[in-house]
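S.K.: here is a sequence with its predicted model. Questions after.
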Amino acid sequence: MFREATTPSPTIYRHDYQAPAFWIDTVDLTFDLDPAKTRVLNKMTLRRNPDVPAQPLRLDGEELNLARVLVNGQGTSFKLEGDQLVLENLPEGADPIALEIFTTCNPSKNTELMGLYTSEGGFFTQCEAQGFRRITYFLDRPDVMATYKVTLRAEKKAYPVLLSNGNLLEQGDLEDGRHFAVWHDPFRKPSYLFALVAAPLVAREQRIVSRGGKEHLLQVFVRPGDLDKTEHAMQALLQSIAWDEARFGLALDLERFMIVATSDFNAGAMENKGLNIFNTKYVLAKPSTATDDDYDGITSVIGHEYFHNWTGNRITCRDWFQLSLKEGLTVFRDQEFSEDLAGSPSARAVCRIGNVRGLRAVQFSEDSGPMAHPVRPDQYQEIANFYTATVYEKGAEVVRMYQTLVGRDGFRKGMDLYFQRHDGQAVTCDDFAQAMADANPDSALAAQLEVFKRWYSQAGTPVLHASGSYDAAAQTYTLTLRQSCPATPGQPAKQPFLIPVRMGLIGRDGQALPLQLQGDTGTPLLERVLVLHDTEASFTFADIPEAPVPSLLRQFSAPVWLELQGEDEAAQLHRLAHDSDAFNRWEAAQRLMMAQAVSAVQASEMPAQVLNASTLDALRAVLRNPALDAAFKQLVLTLPDELEIAEELDSVDPQRIKMVSEALCQQVAHALAEDWLSLYEAHENTGAYVPEPVSAGRRALANLALENLCRIARDSGDVVWPGKAYQRFKDASNMTDRMGALRALLEGQSVLAQPALERFHALFQDEALVLDKWFRLQATRNDLDGKVLGQVRALLQHKDFHLSNPNRVRSLITAFCHANPGAFHRADAAGYVFWADQVLALDGINAQIAARLARAMDHWKRLAEPYRSAAGEAIRRVAAKPDLSADVREVVSRALQ
Ligand code: ARG
Ligand code: ZN
């Protein structure tokens, strides 16, 4: 694929939105599928949009060969301007217009994996955001919604399964060994929800009758050898259908719901109407190949795509700046789904902690770098770059805040009103906010809607500064909350956000104190939600018998940094021991450890010990507390990693951070040695594998204990624990335990690590998703001797490595550059040279994957020397390539700004 060496792509602005000049009502597509030359006949009916001044019809198209254009059956004049097909002389006043366009394309050369492409002997599509224009000329924008009829024709033997959106009308054989299928989707949809699949696949099927008595056919299509890995996906789909009906009253609206797995996919999955296409990673699982995390990932992504059928497909986005309208809302829904499935309060908290960790690791970091943008961006050069943690995960936090402000029932009312008003439409984030407010007229949300909506318009992570003062004479406690928000690109000054602060006060004995705001007469509560909507506000609580320890931002009630002014370690230890909110208990431990890690990084000399004795005692008490479950213990003892520590610092020396992180790990291993031993013994046997939270927690804790025991062995020269880990690795009955043992060997720098890696490869050489793990483990291994980069380079030459497969690239190259800072940021700059080489190589293959890799340098300006200069040089080398994709161009030029 050759790109012209032209000026950078134009910037698109949200404020420039204009309704389309034409509507497309029906689309009738006929595909003659052939890997090298697929022929596409596109017959549409169009209408002028009377609300817009008359203008030529401009259709988007990319990488297409145009053969014929007919208007109402007649030849017509047309122009090709850049990537657009322009028709200036459409007949006046004769709507509807019948337009027929015949093009060809080459799916086998489509390494970008956008539009129609081939993978493992099949045809697949990905159209969001702008892939449909690589299939045919079209008004490729989400506010143009049409009904589609699709005819697929292909060789029967090679492509026995022919799928598209909606219902199957007809299928049969043709001459020359070809066959056909005709699909019709009764729902109007934007082009980004179009899909087709033609491939040698088999399906797990399930028929269900919904509450309303309607019959549905559910199918999960995979390659023939993978059928034994589809049970969990089908289960997750059934749970998703039941959950959306129960929680939101939203039922499946299709006779058929199909899921197709493909191993070449840019994203996780795609919610095409009735025909979801998934990365195999989020479909295939059996105990011997998938870990507990993989099982959870499948549940949440299956849920996510299914939930899009209402939040995304029935109501879609007016334009791509509104992407979070569907993504933030749907991530929120999939998170709630996973929590509801987890069940117990403690298992829910474990879910929440996992989501918040992800948010802070990726989104907070994004928000403090050159790619920072609001949840509803104002501009972009390449929309594919805005499928970000901000739009998805921060967007989900914004939706969660509505629920925190109006309650679960109020949130349901808001959703009901949203569907009542907008079903079948393409709308904006403002429409969603308005429905939520109008359904809850007496809420703090309705009272402060314009302030709340700043979450959509302002980028950056606000800082919430909290300070408390106790007045013993008056028996009152006054909490003062103040907010600020750092500048982000294009937004030097911010207005206050509306921040819901779920909170409680903890007494000296660890009990919750009743909360009565001064002047308030209702029954005192043990927990409440304070709402800060100004720069600063104070809240005074009456009848407080003693100086309390505040517990703020429970369940992480807003996506902010919390600074507790003047708080001492004793208060944090008190929260860790007594907070009724599991999230804040976990958070207290994290804060204690983080503060000490940061001082160790900043100290002029590296301290002998990172953590003090009282922190270690508190961690030990958590491990020994019989009332806490294993999953929670494992999370508390998961130490702040190098990336999290870096995020706290203005000047980042990655090698210094690595030293501290390593010292922290070794200290915790040794200091809690007895506990690791007894925990391992108590949890090592998890019985027959079932992917559910309680036994998953036990596995996680056993694996953490084993890793610590192998770390201890590294220092003492002990060979017993590495030996046990190797044995466990060999005998493991499930992938979670096998990976845990392998990781323990790697962390323990054991001589058995290498033979274990080799054995792992031999065992799983035919399992692509497991090979991805094998590559990732090696790319992210602890780099004590500076050899990891060389190993990664060698792995690029491995017979199982392919630059054209996104999962493989992410496992090796992206994982190394993004997730192994201690190995990547080398004083000799070799990591940056590697990064630049790989970004440039990938850019010629798949610009989206290249742009994601490019973002590994987002924070280069915060690096200390010599890293900073070397990083800058590498970025400038990438930027100097004249025919760079718009995707990578946008990322590197923002980084250099
Ligand atoms: N809508 C899909 C999902 O979140 C993701 C589409 C990804 N597209 C992209 N250009 N990265 O479920
Ligand atoms: Zn989505």
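M.R.: Yep, that arrived. Ligands and ions are numbered 1, 2, ... in the order given.
S.K.: after the longest helix along the chain, which helix or strand is next?
M.R.: Assignment by DSSP state H gives helix 395-422 as the longest helix of the chain. Remark: after helix 395-422, the chain's next helix or strand is strand 426-427, criterion DSSP states H and E.
S.K.: can you pull out the low-pLDDT segments for the stretch 651-800 of the chain?
M.R.: For the stretch 651-800 of the chain, no stretch is flagged by pLDDT under 70.
S.K.: skip the chain neighbours and tell me the closest residue to the closest residue to ligand 1 within the stretch 401-550 of the chain.
M.R.: Here the stretch 401-550 of the chain gets closest to ligand 1 at one residue, A426, 15.0 Å apart by C-beta to the nearest ligand atom. Any C-beta I mention is one placed from the backbone N, CA and C, and that applies to glycine too. Leaving aside its chain neighbours, A426 sits nearest to D143 (4.1 Å; criterion: C-beta to C-beta, 6 or more residues apart in numbering).
S.K.: ok, now L573?
M.R.: Closest to L573 by C-beta to C-beta, 6+ apart is A618, at 5.3 Å.
S.K.: mind listing what that neighbour touches?
M.R.: L573, L576, A577, A589, L592 (C-beta atoms under 8 Å, 6 or more residues apart in numbering).
S.K.: the residues you listed: which two are farthest apart?
M.R.: A577 and L592 (11.6 Å; C-beta to C-beta).
S.K.: coming back round to it: is ligand 2 within reach of the longest helix of the chain?
M.R.: No: Helix 395-422 does not reach ligand 2 (C-beta under 5 Å from the ion); its nearest approach is 10.0 Å.
S.K.: quick one: mean pLDDT for the helix or strand hosting E644?
M.R.: Element membership for E644 (DSSP H and E) is helix 642-647. Per-residue pLDDT over helix 642-647 has a mean of 97.
S.K.: contacting residues around whatever helix or strand comes next after it?
M.R.: Going down the chain from helix 642-647, the next helix or strand is helix 654-671, by DSSP H and E. By C-beta under 8 Å, 6+ apart, the residues outside helix 654-671 that reach it are 593, 597, 600-601, 606, 609-611, 616, 619-620, 637, 639-642, 645-646, 649, 676, 708-709, 711-712, 715, 747, 782-784, 821-822, 824-825, 827, 863, 867.
S.K.: buried subset of the residues you listed?
M.R.: 593, 597, 600-601, 610-611, 619, 637, 639-642, 645-646, 676, 708-709, 711-712, 747, 782-783, 821-822, 824-825, 863, 867 (16 or more other C-beta atoms under 10 Å).
S.K.: could you list which of those belong to helices?
M.R.: Assigned to helices by DSSP H, the following of those qualify: 593, 597, 600-601, 619, 642, 645-646, 676, 708-709, 711-712, 747, 821-822, 824, 867.
S.K.: wait, doesn't N385 sit right on M371?
M.R.: Yes: assessed by C-beta atoms under 8 Å, N385 is found in contact with M371 at 7.5 Å.
S.K.: which neighbours do the two have in common?
M.R.: With C-beta under 8 Å, 6+ apart as the test, N385 and M371 both reach V891.
S.K.: and A349, how far is that from ligand 2?
M.R.: 25 Å (C-beta to the ion, to the nearest Å).
S.K.: could you dump the helix or strand hosting P550 to CSV, C-alpha only?
M.R.: If you go by DSSP H and E, P550 is part of strand 549-552. Provided in CSV are the C-alpha atoms of strand 549-552 (Å, rounded to 0.1, in the frame of the first residue of the first chain):
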residue,chain,number,x,y,z
VAL,A,549,-10.4,9.4,60.0
PRO,A,550,-12.1,10.4,56.8
SER,A,551,-12.7,7.9,54.0
LEU,A,552,-13.2,9.8,50.8
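S.K.: give me the next element, helix or strand, following that strand.
M.R.: Downstream of strand 549-552 (by DSSP H and E), the next one is strand 561-564.
S.K.: listing partners with orientation, what would you give for that following strand?
M.R.: strand 463-471 (parallel) (DSSP bridges).
S.K.: now do the buried residues in the helix or strand following the strand it pairs with.
M.R.: Remark: after strand 463-471, the chain's next helix or strand is strand 476-484, criterion DSSP H and E. Neighbour-count burial for strand 476-484 flags Y477, T478, L479, L481, R482, Q483 (criterion: 16+ other C-beta under 10 Å).
S.K.: one step back: so for A577 and L592, which sits in the more crowded spot?
M.R.: Between A577 and L592, L592 has the larger neighbour count (other C-beta atoms under 10 Å), namely 21 against 15.
S.K.: looks like the more buried one contacts H574 (just checking).
M.R.: No: assessed by C-beta under 8 Å, L592 is found out of contact with H574, at 11.3 Å.
S.K.: give me the contact status of the helix or strand that contains T299 with ligand 2.
M.R.: Assigned by DSSP H and E, T299 falls within helix 292-308. No: using C-beta under 5 Å from the ion, helix 292-308 stays clear of ligand 2, with a minimum separation of 5.5 Å.
S.K.: quick one: distance of that helix to the chain centre.
M.R.: 11 Å (C-alpha atoms, centre = their mean, to the nearest Å).
S.K.: in that helix, what's buried?
M.R.: Buried-residue list, helix 292-308, by 16+ other C-beta under 10 Å: 292, 294-308.
S.K.: taking those residues together, which two end up most distant?
M.R.: Going by C-beta to C-beta, the pair spanning the buried residues of helix 292-308 furthest: D292 and H308, at 25.0 Å.
S.K.: what residues does stretch 23-33 touch?
M.R.: 38-49, 96, 107, 123, 136, 138-139, 144, 146-154, 159, 196, 198.
S.K.: and that stretch, which residues are buried?
M.R.: W23, I24, D25, V27, D28, L29, T30, F31, D32, L33.
S.K.: again with stretch 239-248
M.R.: In stretch 239-248, counting by 16+ other C-beta under 10 Å, buried: Q239, S240, I241, W243, D244, R247, F248.
S.K.: settle this for me: the fifth one is touching T311, isn't it.
M.R.: No: because the distance of 9.6 Å does not satisfy C-beta under 8 Å, D244 is recorded as not touching T311.
S.K.: any common contacting residues for the two?
M.R.: Shared contacts of D244 and T311 (C-beta under 8 Å, 6+ apart): R333.
S.K.: thinking again about what came up before, which of the contacts of helix 654-671 are close to ligand 1?
M.R.: Filtering the contacts of helix 654-671 for proximity to ligand 1 by C-beta under 6 Å from any ligand atom leaves nothing.
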